[in-house]
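Chemist: Build me a structure from this.
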Amino acid sequence: MRLTEGTLLGGRVRHDQQKSGHRTGIEPVLLAAACPARPGERVLEGGTGSGAALLCLTTRIPSATGVGIEQDPHQAAIARHNIAANALPIDILEGDIADITPEGRFDHAIANPPWHDPDATASPDMAQDSARRAKPALFTLWVARLAAPLRHRGTIHLITATGTTSDCLAAFTAAGCGSHTILPLWPRAGRDPKLVLLGAAKGGRAPTRILTGLILHNDHGYTPEANAILRDGNALPLSRRVGCPSAPHHNPPPAAPNR
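Modeler: Have a look, this model is predicted:
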């Protein structure tokens with residue numbers, strides 16, 4: 001397996017990836033930033049891939065621990081390689097999320113589930129195609145499996161395509177997770193969001209909240225708010241407004257993170 005060396009969070013995290021095929025974007029970094037884990041808490045991730053989200057999360061939060069579920073044995077091996085390189089407290093469970101039952105209780109769960117149209121043109125890379133393509137009732141299955149080991153009031157967060165929002169919120173409800181939050185990720189000010197961060201709490205009863213969201217890019221690259229997360233490792237709490245689309249920033253941000 002040929003790997004390319006890389007980093008996340010401005011060089012704080014070593015993150016190697018396979019040279020070709022499925023490669024990590026900014027989604028797992030944003031997902032990790034949205035998880036409100038505290039020191040000492042346990043986080044479960046579905047579809048952990050090469051481990052980027054849990055690597056970023058356990059780097060940002062001292063003594064937090066992670067468990068990742070990954071079906072692809074090659075990706076699981078890369079995740080273990082990255083975990084060892086960073087000496088972080090993360091375990092990888094290899095297998096289908098439908099068949100794996102993690103031990104113990106978790107405080108939080110995260111996932112970037114496959115969301116591409118199952119009828120779209122297939123990728124020539126079979127592993128990449130499997131990692132991205134949503135099967136029927138996938139969101140219901142993933143949310144149910146991730147929510148089952150959560151403690152009461154534990155949180156679950158997904159990063160997914162905006163077109164899947166209603167299916168994901170329905171899956172939250174079916175799994176007994178309420179207090180839904182919706183945070184759009186605007187590619188630029190004035191453009192429709194393609195991705196959204198969704199959150200819920202097990203046993204939550206608060207009304208659904210739609211947050212202002214985060215603008216990712218301006219004319220100079222990443223916005224300062226995006227760079228604070230992607231490069232500096234800041235949190236992205238789904239409890240307040242960030243990066244109002246009506247007020248884009250024009251100051252050049254620092255360099256984007258290496259991937």
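
Chemist: a helix runs through A170, doesn't it?
Modeler: Yes. Looking at A170 with DSSP: H, G, I helix; E, B strand; the rest coil, it is inside a helix.

Chemist: how close does it sit to D16?
Modeler: A170 sits 37 Å away from D16, taking C-beta to C-beta, to the nearest Å as the criterion. C-beta: built from backbone N, CA, C; applies to glycine.

Chemist: Looking at those two, which is more packed in?
Modeler: Neighbour count, other C-beta atoms under 10 Å: between A170 and D16, D16 has more, with 16 against 13.

Chemist: beta partners for the nearest residue to that one once chain neighbours are set aside?
Modeler: In this structure, D16 finds its nearest non-sequential neighbour in L3, 4.4 Å apart by C-beta to C-beta, 6 or more residues apart in numbering. Here L3 sits in beta bridges with Q18, as judged by DSSP bridges.

Chemist: L3 contacts A79, doesn't it?
Modeler: No. Applying C-beta atoms under 8 Å as the test, L3 and A79 come out as separate, 11.8 Å apart.

Chemist: one step back: ok, how many other residues are close to the residue nearest to D16?
Modeler: Close neighbours of L3, defined as other C-beta under 10 Å, add up to 13.

Chemist: One more: T7?
Modeler: When neighbours are counted by other C-beta under 10 Å, T7 comes out with 14.

Chemist: Then H108?
Modeler: H108 has 27 neighbours, counted by other C-beta under 10 Å.

Chemist: tell me the contacts of it?
Modeler: Contacts for H108 (C-beta atoms under 8 Å, 6 or more residues apart in numbering) come out as 35-37, 41-44, 150, 154-157.

Chemist: so it, which of the three states?
Modeler: strand.

Chemist: Any idea what it is bridged to?
Modeler: For H108, the beta-bridge partners are V43, T155 (DSSP bridges).

Chemist: got a list of what the nearest residue to G51 once chain neighbours are set aside touches?
Modeler: Spatial nearest neighbour of G51, chain neighbours left out: A79 (3.6 Å); criterion: C-beta to C-beta, 6+ apart. Applying C-beta under 8 Å, 6+ apart, we find A79 in contact with 48-51, 68, 70, 90, 92.
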